[in-house]
Each structure stands twice: as structure tokens, then as C-alpha cells.
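1. Give me a model of this one.
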Amino acid sequence: MDYIEKQKLEKQKLEKEYGTIQVRKMEKQKQLQKIMIALSVVSLMGSTIFGLGKVFTGANSQQNQPKTPTAQSTGLSLAAQEKGYLTVLEREPNNQTALEGLVNTRVEMNNLPGAIEPLEKLIQLYPAQAEYKTILAKIKEDVKGKK
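-> Below you'll find the model as predicted:
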């Protein structure tokens with residue numbers, strides 16, 4: 001028995017069991033499933049190729065762009081970082097990460113006097129951290145030197 005004959009016999013069995021109309025509906029559903037699978041495979045391949053294309057072209061375009069941001073955009077992002085740390089500290093005044101981030105951001109913004117207060121709070125909360133004391137001494141020295 002070849003493949004076609006097997007399919008005909010199977011179809012006849014199904015028609016006896018479920019009826020002709022139901023078998024036709026099942027065949028249409030199978031065709032629809034095959035179409036949906038084919039579309040899914042094509043869309044998956046297309047999105048993969050499109051994504052890989054962006055990765056490779058993105059790597060080239062990043063090499064051509066300057067690597068240093070403009071001073072204005074850096075200032076804006078530092079101000080946003082500072083605001084974010086202050087927001088966290090409103091909710092959690094003893095948050096070590098936020099206090100350290102605020103100190104670092106203010107130092108980057110060249111706001112050394114503004115970095116003293118959160119650094120003193122860090123020293124108060126974590127007196128065993130000698131690094132905080134060293135940084136505070138350096139910042140106070142720099143502030144005195146600018147006056």
C-alpha cells in the first residue's frame with residue numbers, strides 16, 4: 001500500500017466515525033494550521049534577520065559617532081541623577097547607595113560644598129569606613145583651596 005491509498009483509507013475511517021462535514025472542517029483547520037505555521041516561521045526568520053542587521057549596522061554607526069557626550073547633555077544627566085538620589089533619600093534618608101551616589105554626582109558636577117553634607121551623614125552612619133573620612137578631608141581641602 002502506498003502513501004495515497006493509506007490517506008484515502010484514513011479519510012474513509014474518519015468520515016464513518018465523524019461524518020463527511022466534520023472531516024472537511026478538520027481538513028480546513030489543518031490547512032489553516034499549516035498556513036499559520038508557515039507565516040510564523042517566515043515572520044520569525046524575518047525579525048531575526050532584521051535584528052541581526054541592526055546589530056551589525058549599529059556597530060558600524062557607533063564607531064563613527066563621537067564617544068564623548070556634549071557638556072550640556074552631561075550636565076543634564078548629572079542633574080537628573082542628583083534629583084533621583086534626592087528623591088530616594090526623601091523616602092530612605094539612610095540609604096547608603098543613594099548617599100554615595102549623591103556624593104559622586106555632586107563631585108562630578110563640581111559641587112564640592114554640596115557633597116560634604118551627604119558624606120558627613122555617611123561617616124555618621126558608617127564610622128568604620130575610613131574611605132569616607134579620607135574623601136571628606138580631600139573635599140574640604142579642595143573647597144578651602146578654591147576660596
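2. Mind pulling up the pLDDT for G53?
-> You'll see G53 listed with a pLDDT of 76.
3. Quickly find the element holding it.
-> Assigning secondary structure by DSSP states H and E places G53 in helix 20-64.
4. Pull out the buried positions in stretch 41-54.
-> Buried residues in stretch 41-54, defined by neighbour count with 16 or more other Cβ atoms under 10 Å: none. C-beta coordinates here come from the backbone N, C-alpha and C atoms, glycine included.
5. Just the CA atoms of that stretch, as CSV, please.
-> Extracted C-alpha coordinates of stretch 41-54, given in CSV (Å, rounded to 0.1, in the frame of the first residue of the first chain):
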residue,chain,number,x,y,z
VAL,A,41,8.3,30.7,10.6
VAL,A,42,8.6,33.4,8.0
SER,A,43,8.0,36.2,10.5
LEU,A,44,10.4,34.7,13.0
MET,A,45,13.1,34.5,10.3
GLY,A,46,12.4,38.0,9.1
SER,A,47,12.6,39.5,12.6
THR,A,48,15.8,37.6,13.3
ILE,A,49,17.4,38.8,10.1
PHE,A,50,16.2,42.4,10.7
GLY,A,51,17.5,42.3,14.3
LEU,A,52,20.9,40.9,13.2
GLY,A,53,21.1,43.5,10.5
LYS,A,54,20.6,46.3,13.1
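6. other SSEs contacting the helix holding G53?
-> Under the contact criterion of 3 or more Cβ pairs under 8 Å, 6 or more residues apart in numbering; DSSP states H and E, helix 20-64 touches helix 3-18.
7. what angle separates the helix it packs on from helix 20-64?
-> Relative orientation of helix 3-18 and helix 20-64, computed by axes from the mean of the first three to the mean of the last three Cα atoms, to 10 degrees: 120 degrees.
8. mind exporting helix 3-18 as PDB, just the C-alpha atoms?
-> Extracted in PDB, the C-alpha atoms of helix 3-18 (Å, rounded to 0.1, in the frame of the first residue of the first chain):
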ATOM      1  CA  TYR A   3       1.000   6.700   0.800                       C
ATOM      2  CA  ILE A   4      -2.000   7.900  -1.100                       C
ATOM      3  CA  GLU A   5      -4.000   4.800  -0.500                       C
ATOM      4  CA  LYS A   6      -3.300   5.000   3.200                       C
ATOM      5  CA  GLN A   7      -4.600   8.500   3.300                       C
ATOM      6  CA  LYS A   8      -7.800   7.600   1.500                       C
ATOM      7  CA  LEU A   9      -8.400   4.700   3.900                       C
ATOM      8  CA  GLU A  10      -7.800   7.000   6.900                       C
ATOM      9  CA  LYS A  11     -10.100   9.600   5.400                       C
ATOM     10  CA  GLN A  12     -12.800   7.000   4.900                       C
ATOM     11  CA  LYS A  13     -12.500   5.800   8.600                       C
ATOM     12  CA  LEU A  14     -12.700   9.400   9.800                       C
ATOM     13  CA  GLU A  15     -15.800  10.000   7.600                       C
ATOM     14  CA  LYS A  16     -17.500   6.900   9.100                       C
ATOM     15  CA  GLU A  17     -16.600   8.000  12.600                       C
ATOM     16  CA  TYR A  18     -17.200  11.800  12.400                       C
END
